[in-house]
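Engineer: From the sequence below, what's the structure:
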Amino acid sequence: MSALGRALLQELGPDDLAELARLLEPFLQPPDDGWLSVKAAAAYAGCTIPALRHAMRTGVVRYSQGTDGGRVYLRRSELDRWRYDGSR
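Structural biologist: All right, here's what the predicted structure looks like:
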């Protein structure tokens, strides 16, 4: 943080800090980690569906499936982990 930023924060009183916290709250929320279909998950991860299915089959990407042969769902956080750790 710059010296100017530090100086500004030192000048803020409790009411100012509370207002700043209120304004920043939407930016500090955790990202939505909702469930995605295989098609949406592949688009989110920037890969092909076959590449994603291979990663699922080999256990590199975890997923949820309600029943054998049923629909498959993946969490964004799992795709982010796969994408950023260089597993593909």
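Engineer: Now do the contacts for the closest residue to Trp35 other than its chain neighbours.
Structural biologist: Among residues not flanking Trp35 along the chain, Tyr73 sits closest, at 4.1 Å (Cβ to Cβ, 6 or more residues apart in numbering). Every C-beta, even on glycine, is put in place using the N, C-alpha and C of the backbone. Contact analysis of Tyr73 by Cβ atoms under 8 Å, 6 or more residues apart in numbering lists Trp35, Leu36, Ser37, Tyr63, Ser64, Gln65.
Engineer: Return the closest of those residues with respect to His54.
Structural biologist: For the contacts of Tyr73, the residue nearest His54 by Cβ to Cβ is Tyr63; the value is 12.5 Å.
Engineer: The closest one against Arg71, yeah?
Structural biologist: No - applying Cβ atoms under 8 Å, one finds Tyr63 not in contact with Arg71, separated by 10.2 Å.
Engineer: which parts of the worst-scoring helix or strand of the chain on mean pLDDT are buried?
Structural biologist: Lowest on mean pLDDT, DSSP states H and E among the helices and strands of the chain sits helix 14-28, with a mean of 84. Residues of helix 14-28 include none that count as buried (16 or more other Cβ atoms under 10 Å).
Engineer: what about it, distance to the chain center?
Structural biologist: For helix 14-28, the separation from the chain centroid amounts to 23 Å (computed by Cα atoms, centre = their mean, to the nearest Å).
Engineer: Tell me the confidence at the residue nearest to Trp35?
Structural biologist: You'll see Tyr73 listed with a pLDDT of 95.
Engineer: What of Gln65?
Structural biologist: 91.
Engineer: nearest residue to it other than its sequence neighbours?
Structural biologist: Leaving aside its sequence neighbours, Gln65 sits nearest to Val72 (Cβ to Cβ, 6+ apart; 5.0 Å).
Engineer: measure the one you found to Pro14 for me?
Structural biologist: The spacing between Val72 and Pro14, counted by Cβ to Cβ, to the nearest Å, is 50 Å.
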